[in-house]
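Peer 1: no FASTA, just this:
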């Protein structure tokens, strides 16, 4: 079964909280109902992926590094889970690790499916979600 992990799902939820404002981990935890440890873990991964910028100090918090019109679901999933790949053979680094790669007749089909999934995830931006869910943000 193909599934997005809870951490990736929660990451999308967290990014939906940002709308041209700086937020603290505590305010995100209060708004989403997620535990502070989970929020901190996700914020750390999003900072590492250069999706969020930490602001230190008394008035600290987190700020998106680019417009939420530009941040895609694919960006978030890759920040949390790594590359989007339905099978090992569609991961570029894994080609040489599969003994069947040279003779496998299904790798091309999985590659096409994977490319379609990636393209769809790339098309969906955070603002697409928040525009449909104004009551959550306001």
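Peer 2: Nice, I can see it. Since the model is a prediction, treat every value here as computed from it, not as a measurement.

Peer 1: which parts of stretch 18-38 are buried?
Peer 2: Residues of stretch 18-38 classed as buried: 18, 23, 25, 28-29, 31-32, 34, 38 (neighbour count, 16 or more other CB atoms under 10 Å). Placement of C-beta: from N, CA and C, glycine included.

Peer 1: next: stretch 5-16.
Peer 2: 8, 10-16.

Peer 1: now what about it, what contacts it?
Peer 2: 28, 32, 34, 38-39, 41-43, 45-46, 51, 64, 68, 71, 73, 76-77, 79-81, 126, 129-130, 133, 136-137 (CB atoms under 8 Å, 6 or more residues apart in numbering).

Peer 1: could you rerun that using 6 Å?
Peer 2: 28, 32, 34, 42, 76-77, 80-81, 126, 129-130 (CB atoms under 6 Å, 6 or more residues apart in numbering).

Peer 1: looking at this structure, which helix is longest?
Peer 2: In the chain, assigned by DSSP state H, the helix with the most residues is helix 107-123.

Peer 1: which SSE is immediately downstream of that one?
Peer 2: Counting by DSSP states H and E, the next helix or strand C-terminal to helix 107-123 is helix 126-132.

Peer 1: and the longest helix of the chain, how far out from the chain's middle?
Peer 2: Chain-centre distance of helix 107-123: 17 Å, with CA atoms, centre = their mean, to the nearest Å.

Peer 1: about what we covered before: of the buried residues of stretch 5-16, closest to residue 112?
Peer 2: Residue 112 lies nearest to residue 8 out of the buried residues of stretch 5-16, by CB to CB, at 23.0 Å.
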